[in-house]
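Participant: Quick one, structure for this:
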Amino acid sequence: MLRKTGFVGFIICCLVLSCVVGCKKKKSTARTAFYYWKTTFTLDKTQSSLLKAAADNRLYLRFFDVAWNDTRKEVLPVGIITLKQNVREFRITPVIYITNKIFENLAVDQVTPLAQKVNQLVNDIAGQNHIPYQSIQIDCDWTIGTKNRYFAFLKAFKSLNKKSLEATIRLHQVKYADRTGVPPVDKGLLMFYNMGKISANLKQANSIYNAADAEKYVRYLPTYKLPLDIALPLFSWTIQIREGKVIQIYGKIGQKELADKTNFEQTAQPNIYKANKSFYLSGIYIRENDLLKLEILTQKQLNEAAGQVSRHLAHLEKRNIIYYELSTIAASALEAKDLEEVSAHF
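Facilitator: Next up is the predicted model:
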């Protein structure tokens, strides 16, 4: 009887140990990185420290935009980056933003020449600044009407550039993938922000991220036909509202400006401010009684966003979690451990 009891006890111990080991959360293999989107590249001490400590110097650097010029009826590069410091220590992925309007106007036989010009400019910038790169990312909010020309551009660019090719993916392009198509690239980058409605309604949920709007899209992620990295927001903006209408959105008006009691007073809603007078703020006209709605994500909301999207993703080793973007005030307010906590969800 003792032998039987001992054997049963041994089996129970094994089961408990197995449960403990099996239930232990698997360590994240995700890698943190940052976007940098300004036209002049120079990092201050805080930004340099955060990039190194949180992201091991992984940086997605916008090289230039490509836009359609209505006057000249042609495609032109815009906002070509100027690098004010040595970047050899950074692990850089070039990013090119291409407006969808190009593919609304471009003839089919002009797609490959465009790919040649973009590839040449990328390599010129990389060569002049001693930037070796293994992958490149194209950012374009294509539509059903432009997908064929955009996808043809990606194929032509890939054949020329020979590096790993990534493309940004908006949430609506995941939900309606059967209509918008899946770009012919090696990997996608899901932009998990800018998902809500920008509205003069003061009770409208945060348009940068809110769980209710996100939930309309995340259930489509498991079946998406590309491996996905994730972009999360490290920025804020302020919506200027006048007489019940949205006037404009400003990235350069933040908590610091709105906290100035000589210009604004906080309303009963903590993120809504009212102008005390008419004045100019950094060249922006603010009229007396204008309402300014600050939208920003807290550390808690960042973790909520990461937790929500990570639950719906197919498994991917060494997924890149890219924060947009390094030069913002919101990024400077964070420490490496804060972002490590968020990235650990993946």
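
Participant: For the stretch 151-300 of the chain, which segments count as strands?
Facilitator: Taking DSSP state E, counting those that start in this stretch as the criterion, the stretch 151-300 of the chain carries its strands at 164-169, 187-191, 228-233, 237-242, 245-250, 264-266, 272-275, 279-281, 284-286, 291-295.

Participant: So which elements touch the lengthiest strand in the chain?
Facilitator: Longest strand in the chain, counting residues (DSSP state E): strand 58-69. Counting contacts by 3 or more C-beta pairs under 8 Å, 6 or more residues apart in numbering; DSSP states H and E, strand 58-69 packs against strand 31-36, strand 74-78, strand 91-98, helix 100-105, helix 111-128. (Glycine included, C-beta is placed from N, CA and C.)

Participant: Relative to A177, which of the ones you listed is closest?
Facilitator: Checking the helices and strands packed on strand 58-69 against A177 by C-beta to C-beta gives helix 100-105 as the closest, at 17.1 Å.

Participant: now the nearest residue to L316 once chain neighbours are set aside: how far from L221?
Facilitator: Using C-beta to C-beta, 6 or more residues apart in numbering and skipping the chain neighbours, the partner closest in space to L316 is P227 (5.1 Å). P227 is 11 Å from L221, where distance means C-beta to C-beta, to the nearest Å.

Participant: Repeat that for L339.
Facilitator: Distance of L339 to L221, given as C-beta to C-beta: 22 Å.

Participant: With neighbour numbers in mind, choose between these two.
Facilitator: With neighbours defined as other C-beta atoms under 10 Å, L339 and L221 compare such that L339 has more, 24 against 20.

Participant: Could you pull up the contacting residues of that one?
Facilitator: Neighbour list for L339: T32, L50, A54, A55, Y323 [criterion: C-beta atoms under 8 Å, 6 or more residues apart in numbering].

Participant: what are the pairing partners of the helix or strand containing the last one, and which direction each?
Facilitator: Under the assignment given by DSSP states H and E, the secondary-structure element containing Y323 is strand 320-324. Strand 320-324 sits in its sheet next to strand 31-36 (parallel), strand 228-233 (parallel), going by DSSP bridges.

Participant: Could you check the angle the last one makes with strand 291-295?
Facilitator: It stands for strand 228-233. For strand 228-233 against strand 291-295, the angle by axes from the mean of the first three to the mean of the last three C-alpha atoms, to 10 degrees is 140 degrees.

Participant: what sits up against strand 228-233?
Facilitator: Residues contacting strand 228-233 (C-beta under 8 Å, 6+ apart): 35, 166, 168-169, 187-194, 208-209, 221, 297, 302, 305-306, 309-310, 313-314, 316, 319-324, 342, 346.

Participant: Can you flag the buried ones in these?
Facilitator: Among the contacts of strand 228-233, those buried by neighbour count (16 or more other C-beta atoms under 10 Å) are 35, 166, 168-169, 187-194, 208-209, 221, 297, 302, 305-306, 309-310, 313, 319-324, 342, 346.

Participant: Figure out which of the strands paired with strand 320-324 is closest to L292.
Facilitator: With distances scored as C-beta to C-beta, the stretch of these nearest to L292 is strand 228-233 (19.2 Å).
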